[in-house]
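Colleague: make a model of this:
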Amino acid sequence: MNEHLKKYRIDLHQIPELAFDLFKTHDYLKHQLNLMGYRTETVAKTGLIAVKEGKVKESIAFRSDMDALPVTEMTHHQFPSTHPGKMHACGHDGHMAMLLGFANVVSKMNHLNQSIVFIFQPAEEGPGGAKVIIEEGIFEKYKIQKIYGIHLYPGLEQGKYGLANGPMMAQNGEFNLLIQGKSAHGAQPHLGHDAILASGALITQYHSIISRYIDPLDPAVITIGTVSGGEARNIIAHEVKMTGTIRSFNTQIYELLKQKMRDMDHGVEQSYNVKITNETIDYYPPVLNDEILFNQLKNHLLPSEYEILRPMMFAEDFAFYQQKVPGLFVMLGTQNIDRGFIHPLHSCYFDFDESVLIKGVELYLKILKIEHVI
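Modeller: Residues are numbered from 1 along each chain as shown. Modelled structure (predicted):
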């Protein structure tokens with residue numbers, strides 16, 4: 001099993017692809033699943049569904065994401081990415097390897113009490129393949145009742161499971177701001193409307209939203225990641241562009257963030273005689289683990305096998321599945337200080353020991369027993 005998992009991971013690590021354009025990845029997965037005896041269905045352009053039928057049509061689903069990131073790999077991996085500027089920097093190669101390994105074990109099982117659905121999903125990093133799979137009616141077609149997923153995580157000791165009851169990851173949105181003023185000579189600022197001055201005021205006001213409008217016990221984030229504007233040192237800037245992200249575990253707070261941002265946009269427009277265009281794009285809901293599924297799994301693990309995680313401000317489109325059916329998302333630790341596997345997700349240095357993948361397969365098999373599928 002370990003050698004199969006290592007081979008899957010190495011093969012997939014070398015062919016990272018982005019968003020929905022996962023043609024090599026799709027073909028590799030389809031080939032491996034066909035070798036196991038599965039008939040596959042293509043979904044969400046390059047995603048895949050495989051099913052092991054049980055005594056009843058009602059099923060439990062297990063999901064892996066498939067896509068990589070636009071990152072140039074800087075690891076010392078023996079088999080690095082062969083696609084320049086693309087890398088599996090978020091562990092999705094490992095997620096696919098675990099689900100393939102699990103599917104291989106299940107393929108040899110008979111007399112399952114329920115059907116099992118394997119979901120290989122594109123575009124987790126954006127714009128959200130989970131939503132597309134739901135819209136294509138996969139949950140109704142296969143009568144999916146529950147769903148489970150695992151994500152590799154370097155914030156945990158290698159091989160340890162990270163569990164959370166309720167909120168685990170945040171709802172997220174991204175905003176694009178355009179501040180338009182009026183250009184003038186830097187020596188005659190009274191003849192212009194300074195977009196840079198307005199942007200500074202807006203940044204300050206945005207950052208007062210968390211501290212003055214949100215309960216200190218309710219986590220939320222507003223981050224402005226880029227600011228660009230101006231033409232020369234002696235010209236009043238007529239335009240500034242800013243981009244950023246907002247995040248919260250609570251949908252009402254998330255909506256409040258957007259409303260207060262709009263209020264402050266209007267105030268700065270009036271105060272600085274500029275025009276502000278704010279395009280806020282809602283991405284993923286919060287990842288909210290089902291309490292029953294959480295307790296079931298926790299009660300079947302030894303205390304030494306898991307750690308209870310605090311909610312994290314990452315975002316994950318697994319959340320869309322949890323809006324459809326009860327779901328549980330679990331972290332699997334990859335941190336190995338001795339081998340230097342300490343770099344965070346999305347880092348160009350992110351890597352892990354393939355031996356940890358067996359822990360994911362073992363957890364999936366344990367879930368089958370907990371759910372009385374076997």
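
Colleague: how about the helices in the stretch 201-350 of the chain?
Modeller: 251-272, 291-299, 318-324 (DSSP state H, counting those that start in this stretch).

Colleague: the last one - what's its average pLDDT?
Modeller: What that stands for is helix 318-324. Helix 318-324 comes out with an average pLDDT of 98.

Colleague: what does the second one give?
Modeller: Taken as a whole, helix 291-299 carries a mean pLDDT of 98.

Colleague: pull out the buried positions in that helix.
Modeller: 293-294, 297 (16 or more other CB atoms under 10 Å). Using the backbone N, CA and C atoms, a C-beta is placed for each residue, glycine as well.

Colleague: so which elements touch it?
Modeller: Applying 3 or more CB pairs under 8 Å, 6 or more residues apart in numbering; DSSP states H and E, we find helix 291-299 packed against strand 161-163, strand 327-335, helix 357-370.

Colleague: any idea which of those is most buried?
Modeller: strand 327-335 (a mean of 23; mean count of other CB atoms under 10 Å).

Colleague: could you list the paired strands of it along with their orientation?
Modeller: strand 144-157 (parallel), strand 161-163 (antiparallel) (DSSP bridges).

Colleague: so for Pro16, which of those sits nearest?
Modeller: For Pro16, the closest of the strands paired with strand 327-335 is strand 144-157, at 14.9 Å, according to CB to CB.

Colleague: who touches Ile15 in this structure?
Modeller: 24-25, 28, 81-83 (CB atoms under 8 Å, 6 or more residues apart in numbering).

Colleague: among those, which one has the most neighbours?
Modeller: Thr25 (26 neighbours; other CB atoms under 10 Å).

Colleague: how much distance is there from the helix or strand hosting it to the middle of the chain?
Modeller: Taking DSSP states H and E as the definition, Thr25 sits inside helix 23-35. With CA atoms, centre = their mean, to the nearest Å as the basis, helix 23-35 stands 23 Å off its chain's centre.

Colleague: what comes into contact with the next helix or strand after it?
Modeller: Following helix 23-35 in sequence order, the next helix or strand is strand 40-43 (DSSP H and E). Strand 40-43 has contacts (CB under 8 Å, 6+ apart) with 26, 29-30, 33-34, 48-50, 132-133, 136, 138.

Colleague: in its sheet, which strands sit next to strand 40-43, and in what direction?
Modeller: Assessed with DSSP bridges, strand 40-43 is paired to strand 47-52 (antiparallel).

Colleague: from Val287, how far off is Phe318?
Modeller: For Phe318, the distance to Val287 equals 6 Å [CB to CB, to the nearest Å].

Colleague: on that earlier part again, ok, of the contacts of strand 40-43, which come out buried?
Modeller: 26, 29-30, 33, 48-50, 132-133, 138.

Colleague: show me where the stretch 51-200 of the chain has its helices.
Modeller: Counting by DSSP H, counting those that start in this stretch, the helices of the stretch 51-200 of the chain are 92-107, 129-135, 138-141, 195-213.

Colleague: mind putting the strands paired with strand 327-335 into JSON lines with mean pLDDT and distance to Lys324?
Modeller: Converted to JSON lines, these look like this (pLDDT from 0 to 100; distance: least, CB to CB, whole Å):
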{"stretch": "strand 144-157", "mean pLDDT": "98", "distance to Lys324": "8"}
{"stretch": "strand 161-163", "mean pLDDT": "98", "distance to Lys324": "21"}
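
Colleague: can I get these in CSV including distance to Leu368?
Modeller: Listed next are the strands paired with strand 327-335 as CSV, based on distance: least, CB to CB, whole Å:
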stretch, distance to Leu368
strand 144-157, 10
strand 161-163, 16
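
Colleague: looking at these, which is nearest to Met331?
Modeller: strand 161-163 (3.1 Å).

Colleague: go through the helices of the stretch 51-200 of the chain and name the closest to Lys260.
Modeller: Closest approach to Lys260 among those (CB to CB): helix 195-213, 4.6 Å.

Colleague: show me the contact partners of that closest one.
Modeller: Applying CB under 8 Å, 6+ apart, the contact partners of helix 195-213 are 177, 179-181, 220-222, 224, 227, 229-230, 237-240, 242, 256-257, 260-261, 264-265, 267-268, 271-272, 274, 276.

Colleague: what residues of it count as buried?
Modeller: Quick answer for helix 195-213 (16+ other CB under 10 Å): 195-199, 201-203, 205-206, 209-210.

Colleague: confidence score at Thr42?
Modeller: 98.

Colleague: burial of it, as a residue count?
Modeller: Applying other CB under 10 Å, we find 12 residues neighbouring Thr42.

Colleague: from Ser107, how far off is it?
Modeller: 19 Å.

Colleague: do Ala315 as well
Modeller: Taken as CB to CB, the span from Ala315 to Ser107 is 33 Å.

Colleague: more crowded one of the two?
Modeller: Neighbours were counted for Ala315 and for Ser107 using other CB under 10 Å; Ala315 has more, 24 against 14.

Colleague: let me see the contact set for the closest residue to the more buried one other than its chain neighbours.
Modeller: In this structure, Ala315 finds its nearest non-sequential neighbour in Asn172, 3.7 Å apart by CB to CB, 6 or more residues apart in numbering. Neighbour list for Asn172: 245-247, 283-284, 315 [criterion: CB under 8 Å, 6+ apart].

Colleague: same thing but 7 Å
Modeller: For Asn172, the contact set (CB atoms under 7 Å, 6 or more residues apart in numbering) comprises 245, 247, 283-284, 315.

Colleague: equivalent analysis for Gly333, please.
Modeller: When contacts are taken as CB under 7 Å, 6+ apart, Gly333 is in contact with 153, 156-160, 162.
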